[in-house]
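1. what's the 3D shape of this:
(2 chains)
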2 protein chains.
Amino acid sequence: MKDKLYLMIPGPTPVPPTVMNAMSKPIIGHRSAEFADLIGRVTDKLKKVYQTENEVFVLASSGTGGMEAATANVVNPGDKVLTLNTGKFGERFGEIAAKYGAEVDEVKFQWGYDIDLTVVEEKLKANPDIKAVFATHNETSTGVENDIKGLGELVDQHQAVLIVDAVSSMGGMDVRTDEWKVDIMVSGSQKALMLPPGLAFVSVSPKAWKVIEQNNSPKFYFDLLKAKKSLGKNNTPYTSAVSLYNGLEASLDMILEEGLDNVIKRHKLLAKATRAAVMGLGLELLPAQEYASDTVTAIQCPMAVDVNNLRKTLLEKYNVMVAGGQAELKGKIFRIAHMGYATKTDVLLTIGALEMALNKCGYKADLGAGVREAQLVFLGERD
Amino acid sequence: MKDKLYLMIPGPTPVPPTVMNAMSKPIIGHRSAEFADLIGRVTDKLKKVYQTENEVFVLASSGTGGMEAATANVVNPGDKVLTLNTGKFGERFGEIAAKYGAEVDEVKFQWGYDIDLTVVEEKLKANPDIKAVFATHNETSTGVENDIKGLGELVDQHQAVLIVDAVSSMGGMDVRTDEWKVDIMVSGSQKALMLPPGLAFVSVSPKAWKVIEQNNSPKFYFDLLKAKKSLGKNNTPYTSAVSLYNGLEASLDMILEEGLDNVIKRHKLLAKATRAAVMGLGLELLPAQEYASDTVTAIQCPMAVDVNNLRKTLLEKYNVMVAGGQAELKGKIFRIAHMGYATKTDVLLTIGALEMALNKCGYKADLGAGVREAQLVFLGERD
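-> Got it, this is the predicted structure:
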């Protein structure tokens, strides 16, 4: 059974059959009244998941396109920006801002740690002319959740706009766009939102619009003022990804039917069980538990084990795909995602396979011990 | 039967069930060996449809994103470029180039006419420092096919690179990227390639790479040098639109199984029949027959008829959707597409419905007369 796959990587994630079916609906015109209705409905539902009253735009691009849209519409050449790098995706914001001519002040936190707000506070005080602060809510590369609420409170006292990447948390974790005072919140389709890759989402606050209106960086496809003008008519400036849009409504319906609160609780539980299981096997997490992500768990690979061999064994022997480390974490960690269309059973099967693969790769894992820890969490017998 | 729809607009176009099924395959990781194999196969097949030996890149964006990629990677601020505007999409190239700081020399041809090569020749002679020439192969907004072969011969004698939008011709019409000496050829998924919107394709010649290597305009998501580096490893810099990619292989397989030559002949025949039919009803085409498009037919709306009313009647009474005019052609023309997943029968049903709708909207069309003209073309009884 080579073709059966348990996909436990942090995106793209498995797509539910209901969403697949929705994407298989016959194509309709992207300028039709029917599609305008769909845009209207989807926008309302997306705002609920975003927990925002701001406009939310749907772009036909991957999440990185959304990050570029946020940057290109804000940064003018020479602008001072602060980027908070807690991993590969935080780093990417700095790279994009530099492309647009920003004077980038990047604070790099050791990968595996979260943002230190006292550093941000000092930076903002010392540099009141900072125009934008870029941060990552859930850093996919390290399995770290950053305190965006705390960051929002700090940035709100300054002129700077706060731009946050919530690509791997939106739809799975509690993302309070308005309450946390996030001016531009970026996310993507292929993570907790249970869709194939191909859509990015961008919300924009009134404070951000004022900055965007003064922007003169070159942009066309990602021009948010144009998108705003179109959204007012339930439209998009360029051709919408019609089939993904149909899927988006189906996935948002699934989330809202389960209840956003319940979805968030489910992710919390799966993460807790996964952490308990791997620690039960004597493995160490990359981040501290207090700020470990609820959608992806990053685990330090034991010295005796070759990460690539472990991943290969998991895939070839047990049809389970997990992710390795990226950039400087390559070869050092592996990552198990539990985001989107993910259940308790997915955690159990992954840990069960992991126990076997670890043993095959030179690490003596106590068979069943990790699974048992996860089960105890699910049964409510672990606090 | 409100939900049955005959979609005859120039994109998005109907998606074949085979392609829909391919897009419903379970999601796989975009960094997996299996996906790398898919990228390799799809790239080879795409090159056949492109008729090129150049690299062809698949971007997760709409066609406009492909146009911006072509522009952002070539244009430095202050560069002189020549844009050939034969309609809304030719005009768009000028808008994008201006955003990137180009000194844009736009030649606007009357919409409904094709490019006058003598004008281009003069422009190039008078301005040997022109860095890029932008043109549209098949102008969707006017139903005009431009002579890219002739244009390529002219531009080839100069330093300028030739950038062509073949969004609505690729996969339906004869597009000879290499033979016509097109340096960057842009196309998109949702027209003759029979896919939902969400992918753009961009081919790049060795001459274009030399220019791209000297480029310093801000770009990140659309950075073609990064895409080149990734494609060398059958990879993409950012997350690929996995499900659309699966669909792309299925649609390319359909085209190559039918045979690219046969696909081109089919489109020629459908266009010829459509033109014969509407002229048989006493209507006038927007462009002259010699350069009328093989994928979309633009028709002047009779004075007595309100275009919106005609389109509404076609849709509500007969479930047939055709397009209106865009920008300055709004209210003046309507457009029937016959691209991609389109057959003789689609032409017959559209003309049949059109005859009835015209009568309902105040134009006395001879019932059956247009259908008969199309039938005669199909039976080979019209030259």
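2. use CA for all of it now, contacts and neighbours both
-> Noted.
3. same for the longest helix belonging to chain A, what does it pack against?
-> Scanning chain A for the longest helix, with DSSP state H as the assignment, gives helix A:260-280. Other helices and strands packing on helix A:260-280, by 3 or more Cα pairs under 8 Å, 6 or more residues apart in numbering or on different chains; DSSP states H and E, are strand A:284-285, strand A:296-300, helix A:344-360, helix A:369-378.
4. of all the ones you listed, which one is nearest B:Gln326?
-> Proximity to B:Gln326 (Cα to Cα) singles out strand A:296-300 among the helices and strands packed on helix A:260-280, at 46.7 Å.
5. after the closest one, which helix or strand is next?
-> helix A:307-318 (DSSP states H and E).
6. re the thing from before, winner for burial among the helices and strands packed on helix A:260-280?
-> Mean neighbours per residue, mean count of other Cα atoms under 10 Å in any protein chain shown, is largest over the helices and strands packed on helix A:260-280 for strand A:296-300, with a mean of 25.
7. give me the residues contacting that strand.
-> A:10, A:140-143, A:271, A:274-275, A:278, A:283-287, A:332-339 (Cα atoms under 8 Å, 6 or more residues apart in numbering or on different chains).
8. now do that strand, average pLDDT.
-> Mean pLDDT, taken over the full extent of strand A:296-300, equals 98.
9. now the angle from that strand to helix A:307-318?
-> 120 degrees (axes from the mean of the first three to the mean of the last three Cα atoms, to 10 degrees).
10. who does strand A:296-300 pair up with?
-> strand A:284-285 (antiparallel), strand A:333-337 (antiparallel) (DSSP bridges).
11. those into TSV, with extra columns for distance to A:Ala33?
-> Formatted as TSV, the strands paired with strand A:296-300 follow (distance: least, Cα to Cα, whole Å):
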stretch	distance to A:Ala33
strand A:284-285	51
strand A:333-337	39
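12. please spell out the segments of chain A that come in under the pLDDT threshold.
-> Where chain A drops to pLDDT under 70, the residues are A:1-3.
13. same thing but at 90, please
-> A:1-6, A:17, A:352, A:368, A:381-383 (pLDDT under 90).
14. run a quick neighbour tally on the residue of the stretch 251-383 of chain A at minimum distance from chain B.
-> At 8.3 Å from chain B, A:Met321 is the closest residue in the stretch 251-383 of chain A, using Cα to the nearest Cα. Counted with other Cα atoms under 10 Å in any protein chain shown, the neighbours of A:Met321 add up to 24.
15. so it sits against A:Ile9, correct?
-> Yes: contact criterion Cα atoms under 8 Å: A:Met321 and A:Ile9 qualify, at 6.4 Å.
16. quick one: residues contacting the nearest residue to A:Leu348 once chain neighbours are set aside.
-> Of all residues beyond its chain neighbours, the one nearest A:Leu348 is A:Val371 (5.8 Å), with distances taken as Cα to Cα, 6 or more residues apart in numbering or on different chains. By Cα under 8 Å, 6+ apart, the contact list for A:Val371 reads A:Ala277, A:Leu348, A:Ile351, A:Gly352.
17. OK, contacts around the third one?
-> A:Ile351 is in contact with A:Thr274, A:Ala277, A:Val278, A:Gly370, A:Val371, counting by Cα under 8 Å, 6+ apart.
18. distance of the last one from A:Asp383?
-> With the distance defined as Cα to Cα, to the nearest Å, A:Val371 ends up 17 Å from A:Asp383.
19. one more: the third one?
-> If you measure A:Val278 against A:Asp383 using Cα to Cα, the figure is 16 Å.
20. which of these two has more neighbours?
-> A:Val278 (24 against 6).
21. my guess is the more buried one contacts A:Gly370, does it?
-> Yes: between A:Val278 and A:Gly370 there is a contact under Cα under 8 Å: 6.0 Å.
22. so how far does stretch A:172-179 reach from one end to the other?
-> Terminal-residue distance, stretch A:172-179 (Cα to Cα): 17 Å.
23. mind listing residues that contact it?
-> Here stretch A:172-179 has contacts from A:49-54, A:149, A:166, A:169, A:183, A:185, A:192-193, A:263-264, A:267-268, A:294-295, A:339-340, using Cα under 8 Å, 6+ apart.
24. same deal with stretch A:329-339?
-> Taking Cα under 8 Å, 6+ apart as the rule, stretch A:329-339 contacts A:8-10, A:13, A:143, A:172, A:191-192, A:267, A:270-271, A:286, A:294-301, A:306-308, A:322-325, A:346-347.
25. residues in the stretch 101-250 of chain A within reach of chain B, list them.
-> Within the stretch 101-250 of chain A, the residues that sit near chain B (Cα under 8 Å from any Cα of the partner chain) are A:101, A:196-198, A:217-221, A:238-243.
26. let's see that with 7 Å instead.
-> A:196-198, A:218-221, A:238-243 (Cα under 7 Å from any Cα of the partner chain).
27. same list, these, but as JSON lines with neighbour count and secondary structure please.
-> Shown next, in JSON lines, are these (neighbours: other Cα atoms under 10 Å in any protein chain shown; DSSP: H, G, I helix; E, B strand; the rest coil):
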{"residue": "A:Pro196", "neighbour count": "32", "secondary structure": "coil"}
{"residue": "A:Pro197", "neighbour count": "28", "secondary structure": "coil"}
{"residue": "A:Gly198", "neighbour count": "29", "secondary structure": "coil"}
{"residue": "A:Pro218", "neighbour count": "22", "secondary structure": "coil"}
{"residue": "A:Lys219", "neighbour count": "20", "secondary structure": "coil"}
{"residue": "A:Phe220", "neighbour count": "24", "secondary structure": "coil"}
{"residue": "A:Tyr221", "neighbour count": "25", "secondary structure": "coil"}
{"residue": "A:Tyr238", "neighbour count": "19", "secondary structure": "coil"}
{"residue": "A:Thr239", "neighbour count": "22", "secondary structure": "coil"}
{"residue": "A:Ser240", "neighbour count": "25", "secondary structure": "coil"}
{"residue": "A:Ala241", "neighbour count": "25", "secondary structure": "coil"}
{"residue": "A:Val242", "neighbour count": "25", "secondary structure": "helix"}
{"residue": "A:Ser243", "neighbour count": "24", "secondary structure": "helix"}
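28. drop anything exposed from the contacts of strand A:296-300.
-> A:10, A:140-143, A:271, A:274-275, A:278, A:283-287, A:332-339 (16 or more other Cα atoms under 10 Å in any protein chain shown).
29. stretch A:127-144: end-to-end distance?
-> Stretch A:127-144 end-to-end distance (Cα to Cα) = 27 Å.
30. tell me how chain A divides into domains.
-> A:6-12+A:259-378, A:17-257 (automatic domain parsing).
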